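**Q** below are the sequence and a predicted model; questions follow.
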Amino acid sequence: MSIYESWLVKQPIAHRGLFDEKHPENSLAAFKNAVKNKLPIELDVSLLTDGTPVIFHDEKLARMTGKDGFISNCKYEDIQKLTLANTKERIPTLQEALDLIDGKVPILVEIKNYGKVGPFEKAVWKVLQNYKGEYAVESFNPYSVEWFKVNAPKVKRGQIAAFTEEKEIIGVRRFFLKRMWLNKKVSEPNFIVYKTENLPNKYVKKYYGEIPVLAYSVKNEEEEIRVKGFADNIIFDSYTPTSLKK
């Protein structure tokens, strides 16, 4: 089956699960909500200092837990004490998320690795390789994407890119990432995920029609309309996409 006929293109993807005030982003509650609504899920994987892959977006704990510190400095026993966004929800492990979703909807797994490539990706793959549901991986780091190209070539992989201001991505890496200059010789992605506010642009246009382009994260109908014709699908939050209103 062509990737253009796959779930990566055919249905809007819920960014960090289908979240709201009662269902915090990247929580089991948000994933349950997405499953209930039969929506593919995008989720973020970070690595704890003990090697456990967990679902958490930020480097710092503060925004989602109200606590100081970095997720990468935590052990599994540490995160068990933390709750998300003033709810009873906790930071799930990747395995817990997979057990919950259980193949009911597809999953887009973002690997939040800005450092050394190898141990992080290996830990994620160790969990993913026995999962029976549909999934794909993505990362800002082209060398993380390359790791899957080499070590798990059957897994669909995506290159995330943007006119980024993220402080973790600096100097020449930011320059190359914006232009996706490492796509051809390093990551060789099956699809591209580009920041909505930076679409359209000449760097994405040269790929459109060759491999799928996904826009992230679309937050309203106006943005959805604007990226139509430049992106094959959207990763959304904070509103209901028009195709889901029918």
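**A** That came through, no problem.

**Q** contacts and neighbour counts: CA atoms only from here.
**A** Will do.

**Q** what's the weakest-modelled helix or strand in this structure?
**A** helix 171-179 (a mean of 70; mean pLDDT, DSSP states H and E).

**Q** please name the bridge partners of the spatially most central residue of the chain.
**A** Residue closest to the average C-alpha location in the chain (Cα atoms, centre = their mean): residue 110, at 3.2 Å. Applying DSSP bridges to residue 110 gives these bridge partners: residue 44, residue 138.

**Q** that one against residue 138, yeah?
**A** Yes. Using Cα atoms under 8 Å, residue 110 is in contact with residue 138, at 4.8 Å.

**Q** nearest spatial neighbour of residue 146, chain-adjacent residues omitted?
**A** Spatial nearest neighbour of residue 146, excluding adjacent residues (Cα to Cα, 6 or more residues apart in numbering): residue 187 at 4.3 Å.

**Q** ok, now residue 34?
**A** residue 18 (4.9 Å).

**Q** low-confidence regions, the protein specifically.
**A** 164-174, 246 (pLDDT under 70).

**Q** strands of that one, start to end?
**A** 13-15, 41-47, 53-55, 107-111, 135-139, 157-161, 191-195, 213-218, 233-236 (DSSP state E).

**Q** dump the ones you listed into CSV; add distance to residue 35 as well.
**A** Listed next are the strands of the chain as CSV, based on distance: least, Cα to Cα, whole Å:
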stretch, distance to residue 35
strand 13-15, 10
strand 41-47, 8
strand 53-55, 17
strand 107-111, 11
strand 135-139, 14
strand 157-161, 22
strand 191-195, 22
strand 213-218, 19
strand 233-236, 15
